[in-house]
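Asks: model this:
(one chain, ligands or ions: 1)
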Amino acid sequence: MAYQPSSSRYEKMIYNRCGNSGLLLPALSLGLWQNFGDVDTIANCKNILHTAFDNGITHFDLANNYGPPPGSAETNFGKILKEDFEGYRDELIVSSKAGYTMWDGPYGDWGSKKYLVASLNQSLKRMQLEYVDIFYHHRPDPNTPLEETMQALDLIVRHGKALYVGISNYPAEKAREAFRLLKQLGTPCLIHQPRYSMFDRWVEGGLLDALEEYGVGCIPFSPLAQGLLTNKYLNGIPEDSRATRNLFLKEADVTPEKIQKVRQLNELAVARNQTLAQMALAWLMKDKRITTVLIGASKPEQVLNSIACLENLHFSTEELNKINSILG
Ligand SMILES: NC(=O)c1ccc[n+]([C@@H]2O[C@H](COP(=O)([O-])OP(=O)(O)OC[C@H]3O[C@@H](n4cnc5c(N)ncnc54)[C@H](OP(=O)(O)O)[C@@H]3O)[C@@H](O)[C@H]2O)c1
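Replies: Got it, this is the predicted structure:
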């Protein structure tokens with residue numbers, strides 16, 4: 001049976017304005033970094049995307065190198081869009097990025113105009129799209145002048161291949177410079193995508209202030225620290241978890257010290273009538289500078305569980321202090 005999106009899909013989701021722009025993004029967005037490559041099953045990919053859209057998640061985040069193999073997440077997403085979301089393109093915000101190694105030779109990496117323009121053309125082909133809604137520079141390039149990288153983002157918008165642009169993994173000062181350049185070019189930066197979770201709070205040291213000052217939105221990635229900030233590792237490392245599957249979260253990252261903290265956080269979450277995943281997501285959303293939180297999921301049930309964080313977003317001062325003392 002062909003997929004029919006739920007008619008109640010916009011009833012429960014919260015939509016937040018992205019910085020000073022006209023664009024509203026759902027409080028939770030879904031990333032396709034993991035679980036959408038050729039190594040994964042298309043039926044599960046479809047179920048995850050259907051569940052997300054049925055519950056008001058309108059924003060899907062990709063990058064040229066997502067897979068494995070690199071590029072396959074975009075190809076699979078493109079096929080699913082064609083088969084199941086035809087007629088719904090205008091209800092979706094699709095993003096892609098370039099900045100990490102993608103192809104051989106000097107033009108398949110970092111931040112030159114040559115690389116960014118060519119990479120986006122390839123991404124559009126893989127996804128069978130005419131444009132992406134947001135195109136990001138994926139990481140700062142120490143060797144390309146920032147002016148050139150920002151000119152490339154501006155050019156891409158002028159060519160109609162992206163509606164908005166963003167940057168990812170830029171530290172505060174470099175981000176400020178990028179915001180100034182983009183503003184001068186007439187293509188204001190829409191959004192910044194940094195890593196941010198209870199276990200990694202670097203953005204609190206200046207980046208969030210810069211985003212507020214320049215009216216730029218924020219979409220934190222790995223908000224659950226790739227699954228550590230959930231109840232899944234409380235009793236060891238389950239067979240079907242990311243820690244057993246790939247290089248980005250290793251079994252060695254699941255340390256006794258981390259699990260000790262996770263245990264205490266989990267107790268607090270239970271007292272709040274939430275799962276730890278829900279508390280970790282709500283904790284990010286308490287800061288009004290956070291536009292949308294970018295989750296990953298290996299199963300549709302995880303999407304549903306994470307979305308239910310919206311049922312309890314309030315934290316007392318006592319709870320916040322307790323969390324700070326657990327995190328140390
Ligand atoms: N800009 C960048 O440089 C960058 C870097 C990394 C990621 N990202 C973006 O951020 C997105 C999210 O990153 P992420 O996947 O690391 O995010 P995450 O939400 O921190 O981790 C997702 C993993 O947590 C587990 N999980 C999710 N929901 C759960 C729940 N409710 N209960 C229990 N476990 C749950 C699953 O692990 P299992 O697989 O073990 O089931 C899932 O694969 C990526 O897809 C990508 O779009 C961007």
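Asks: which element is encountered next along the chain beyond the helix or strand of the chain with the lowest mean pLDDT?
Replies: In the chain, no helix or strand scores lower on mean pLDDT, DSSP states H and E than helix 242-245, which sits at a mean of 84. Downstream of helix 242-245, the first helix or strand assigned by DSSP states H and E is helix 256-271.
Asks: need the CA coordinates for that next one. PDB is fine.
Replies: Extracted C-alpha coordinates of helix 256-271, given in PDB (Å, rounded to 0.1, in the frame of the first residue of the first chain):
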ATOM      1  CA  PRO A 256      32.200   3.200  33.700                       C
ATOM      2  CA  GLU A 257      32.500   6.900  34.600                       C
ATOM      3  CA  LYS A 258      30.000   7.800  31.900                       C
ATOM      4  CA  ILE A 259      27.600   5.100  32.800                       C
ATOM      5  CA  GLN A 260      27.700   6.200  36.500                       C
ATOM      6  CA  LYS A 261      26.500   9.600  35.300                       C
ATOM      7  CA  VAL A 262      24.000   8.100  33.000                       C
ATOM      8  CA  ARG A 263      22.600   6.100  35.900                       C
ATOM      9  CA  GLN A 264      22.100   9.200  38.000                       C
ATOM     10  CA  LEU A 265      20.600  11.100  35.100                       C
ATOM     11  CA  ASN A 266      18.300   8.200  34.400                       C
ATOM     12  CA  GLU A 267      17.000   8.300  38.000                       C
ATOM     13  CA  LEU A 268      16.200  12.000  37.700                       C
ATOM     14  CA  ALA A 269      14.400  11.400  34.300                       C
ATOM     15  CA  VAL A 270      12.300   8.600  35.900                       C
ATOM     16  CA  ALA A 271      11.300  11.000  38.700                       C
END
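Asks: what's the neighbour count on residue 108?
Replies: Per other CB atoms under 10 Å, the neighbour tally for residue 108 reads 17. Heads up, the C-betas are built off the backbone N, CA and C, glycines and all.
Asks: do residue 80 as well
Replies: Number of residues near residue 80 (other CB under 10 Å) recorded here: 20.
Asks: contacts only, for it.
Replies: Applying CB atoms under 8 Å, 6 or more residues apart in numbering to residue 80 gives the contacts 42, 45-46, 49.
Asks: who wins for neighbours among the residues you listed?
Replies: Busiest of the contacts of residue 80 [other CB under 10 Å] is residue 49, holding 25 neighbours.
Asks: secondary structure element for that residue?
Replies: Residue 49 is located in helix 42-54, with elements delineated by DSSP H and E.
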